[in-house]
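[1] show me the folded form of this:
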Amino acid sequence: MDAEIEKTEEKEKETPDLYHNPSNLWRISGWSRVISWIVLVAVTISVAGNVNQLIKSVTAQNIPFKNLFIPIEQGLLFPVVNVVYSLALGVFFFLVLQAVAEGLLILIDIEENTRPKN
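    All right, here's what the predicted structure looks like:
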């Protein structure tokens, strides 16, 4: 009986971990971080272009600054919403990708700390 237990323990030690590959998870985490920064830069450039277009539209229509915050009356609702929506969506994707990267690293740490030492 003891011989069977010893054989089983030896087989468990010899079998590789089939559930994950830490180097792949590190790579995915790294790419998630890189892509999140690319998304943030692209959204920042896009929002800057939208704000520039909004400023050109406002100056072309000779709208006073105090009326700029009443966009329904001036026909500027869509450009203002477009700027805010683009910025919010870009920041959301940035945060989600950063959370994925951190979550993977945390899961790797948890797995390494709970694995029995041989």
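[2] can you tell me, leaving aside adjacent residues, what's nearest to residue 50?
    residue 83 (4.7 Å; CB to CB, 6 or more residues apart in numbering). Every C-beta, even on glycine, is put in place using the N, C-alpha and C of the backbone.
[3] I figured the one you found hits residue 51, correct?
    Yes: Residue 83 lies in contact with residue 51 (CB atoms under 8 Å); the separation is 5.9 Å.
[4] between those two, which one's more packed in?
    Of the pair residue 83 and residue 51, residue 83 is the one with more neighbours under other CB atoms under 10 Å, namely 18 against 15.
[5] which element is that one on?
    Per DSSP states H and E, residue 83 falls inside helix 77-114.
[6] got the buried residues for that helix?
    Residues of helix 77-114 classed as buried by neighbour count (16 or more other CB atoms under 10 Å): 79-80, 83, 86-87, 90, 93-94, 97, 100-101, 104.
[7] out of the residues you listed, which is nearest to residue 57?
    Nearest to residue 57 out of those is residue 79 (CB to CB; 6.3 Å).
[8] give the contact list for that closest one.
    By CB atoms under 8 Å, 6 or more residues apart in numbering, the contact set of residue 79 is 50, 53-54, 57, 71.
[9] what does residue 110 give?
    Residues near residue 110 by CB under 8 Å, 6+ apart: none.
[10] any idea how far the residue nearest to the spatial centre of the chain lies from residue 31?
    Nearest residue to the geometric centre of the chain (CA atoms, centre = their mean): residue 97, 1.6 Å. Per CB to CB, to the nearest Å, residue 97 is found 9 Å from residue 31.
[11] state the helix or strand in which residue 33 lies.
    Assigned by DSSP H and E, residue 33 belongs to helix 22-60.
[12] counting contacts, what elements does that helix pack onto?
    helix 77-114 (3 or more CB pairs under 8 Å, 6 or more residues apart in numbering; DSSP states H and E).
[13] give me the angle between the helix it packs on and helix 22-60.
    Comparing the axes of helix 77-114 and helix 22-60 via axes from the mean of the first three to the mean of the last three CA atoms, to 10 degrees yields an angle of 160 degrees.
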